[in-house]
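# The amino acid sequence is not available; the structure is as follows:
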């Protein structure tokens, strides 16, 4: 077993350094010892991991796949060693968080320094994406999601609810005029999303009815954060969760319009996590920390 682990370590060093000589120097071995170690590993696996030429060294496709997988396993092993004692002490280890850009930029990132000040032994690995991710495949501890829950296998902690709002920048409204009724949107650039599940119509309450009004415009964005920044820049009118634009409204960068026609719909915001991950002290600590968020709207 020792030889096996040593061969794996040697291979990963070769992959990192790009040559047997550099890997040998880093490991304090001879180049021939490194070569024998790689040959032994390749024989055991039955595949060629490293393609050797007189001028260069390159990983084969199998070598790249093996490197990537072993890096994940070694990282998990190190985290396991440091994290087994979490129940007996302060939270520690890497906390992997996945969140939508709209929540991450406006609310999550600003609060991370306070969390780290309280739990200095926890390191943060944050990914922002509007894509629906599998927590297991992405190796995430917690995912912050906006809207309806889609994966019933996960536990959910509700962080809040936010109504929807139509907003535009003062500059845009000065140039194009402020819509007085939903029908006035026909002459405006309405900012839309480019992902597949987006809908090119907005709901409005007109009298006692709720109508879906088709909207058009010259701008598309692939995330809520992109569309928010387009609105702030004066590209057009956006429909956002109030939590996402509250600070822009307060600062005067955006103005809410057509509020009298709002249907009162909104979005729930949840922190999702696997049931077994709740036992990790770092996960419990962050879920408890999220309770301090006061979302507007």
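Arrived safely. As the structure is a computational prediction, the values presented were derived from the model and not from experiment.
# Just give the closest residue to residue 74, not the sequence neighbours.
Of all residues not flanking residue 74 in the chain, residue 12 sits nearest, at 7.6 Å (Cβ to Cβ, 6 or more residues apart in numbering). Bear in mind the C-beta positions are built from the backbone N, C-alpha and C, glycine included.
# who are the neighbours in contact with that neighbour?
Neighbouring residues of residue 12 by Cβ atoms under 8 Å, 6 or more residues apart in numbering: 67, 70-71, 74.
# what about it, which SS state?
helix (DSSP: H, G, I helix; E, B strand; the rest coil).
# Now do it against residue 34, distance only.
12 Å (Cβ to Cβ, to the nearest Å).
# again with residue 210
70 Å.
# could you say which helix or strand contains residue 174?
Assessed by DSSP states H and E, residue 174 sits inside helix 170-176.
# Quick check: buried residues in that helix?
Buried positions in helix 170-176, judged by neighbour count with 16 or more other Cβ atoms under 10 Å: 172-173.
# can you pull out the helices in the stretch 101-250 of the chain?
Assignment of helices within the stretch 101-250 of the chain using DSSP state H, counting those that start in this stretch yields the ranges 101-103, 109-118, 135-138, 170-176, 224-232, 242-251.
# quick one: which of those is nearest residue 292?
Smallest distance to residue 292 across these (Cβ to Cβ): 7.9 Å, for helix 109-118.
# Strands along this structure, start to end?
For the chain, applying DSSP state E gives strands covering 50-52, 57-59, 93-99, 122-128, 142-146, 155-168, 192-193, 201-206, 209-214, 220-221, 238-241, 255-257, 266-273.
# What is the least confident helix or strand in the protein?
helix 135-138 (a mean of 62; mean pLDDT, DSSP states H and E).
# Under the pLDDT cut-off, which ranges of the stretch 101-250 of the chain? List them.
132-138, 152, 196-198 (pLDDT under 70).
# contacting residues for residue 239?
Residue 239 touches 164-167, 190, 202, counting by Cβ under 8 Å, 6+ apart.
# rerun that using 7 Å as the cut-off
Taking Cβ atoms under 7 Å, 6 or more residues apart in numbering, we find residue 239 in contact with 164, 166, 202.
# sorry, back to before: okay, residue 210 and residue 34: which has more neighbours?
residue 34 (25 against 13; other Cβ atoms under 10 Å).
# That one reaches residue 24, doesn't it?
Yes: counting by Cβ atoms under 7 Å, residue 24 is a contact partner of residue 34 at 4.6 Å.
# Which pLDDT value goes with residue 87?
Confidence at residue 87, expressed as pLDDT, is 50.
# scratch that, residue 24
pLDDT, read off for residue 24, is 88.
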